[in-house]
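> no sequence on hand, only this structure:
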């Protein structure tokens, strides 16, 4: 590791990753960034396209709108690029966050216009994307609207026709399966082998592999 990266690693602390894992994540970040700078053109960080590729191929997240939402939660300064610090902080929640952290993360992904609510229109969009319409179905939107009303009945605790963060927290605390009610935006832990392909340096020994997989499931 270069002197610059060593100093960077020493300056980054994270409650979910140890020092060796942070080192691996820094290396992977610059490996991905290197692909963008192969032609000698410097960029300020990891761009949206490369990050979407990581989400798609490593974590099996494929919905375009959700991938953009995940990028938005990582990109704290809204400059259109991920710095190495944003990369590590985002992955900390994405891979090993507490339930409270993941609730806030998922809510932010689903809040497309960042107004502090998941609106009926936003819910309709996500539910429509998650359902497969039948060829002989006369009005596929009718079934989606029925599902939307059931969702609001289950999650809209203050009955204002939209979901606030508090509504979302209350619903998920009552039923954890509602965490990704509007589409996958966290890694599928039944497909943990994808993470090995994403960060191979985290699996340089059988012990590291065991520790990492165990922590993912905790």
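Arrived safely. The model shown is predicted, which means the values in this text are computed figures rather than measured ones. Numbering: from 1, shown residues only.
> tell me where the chain has strands.
Under the criterion DSSP state E, strands of the chain are mapped to 46-47, 81-82, 117-118, 163-164.
> reformat those strands as TSV; add mean pLDDT.
Shown next, in TSV, are the strands of the chain (pLDDT from 0 to 100):
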stretch	mean pLDDT
strand 46-47	94
strand 81-82	96
strand 117-118	98
strand 163-164	98
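> quick check: residue 185 touching residue 68?
No - here residue 185 does not reach residue 68: they are 10.7 Å apart, not a contact under C-beta atoms under 8 Å. Heads up, the C-betas are built off the backbone N, CA and C, glycines and all.
> ok, the two, which is more surrounded?
Between residue 185 and residue 68, counted using other C-beta atoms under 10 Å, the more crowded position is residue 185 (24 against 15).
> quick one on the thing from earlier: what's the closest of the strands of the chain to residue 64?
With C-beta to C-beta as the measure, strand 46-47 is the member of the strands of the chain nearest residue 64 (15.5 Å).
> domain map for this protein?
Using automatic domain parsing, the domains assigned to the chain come out as 3-97+188-217, 102-180.
> lowest-confidence stretch among the ones you listed?
When those are ranked by mean pLDDT, domain 3-97+188-217 comes last with a mean of 75.
> who touches both of residue 185 and residue 68?
Where contact means C-beta atoms under 8 Å, 6 or more residues apart in numbering, no residue is in contact with each of residue 185 and residue 68.
> what's the single longest helix in this protein?
Longest helix of the chain, by residue count under DSSP state H: helix 19-36.
> in that helix, what's buried?
Within helix 19-36, the residues that count as buried by 16 or more other C-beta atoms under 10 Å are 21, 22, 23, 24, 25, 26, 28, 29, 30, 32, 33, 36.
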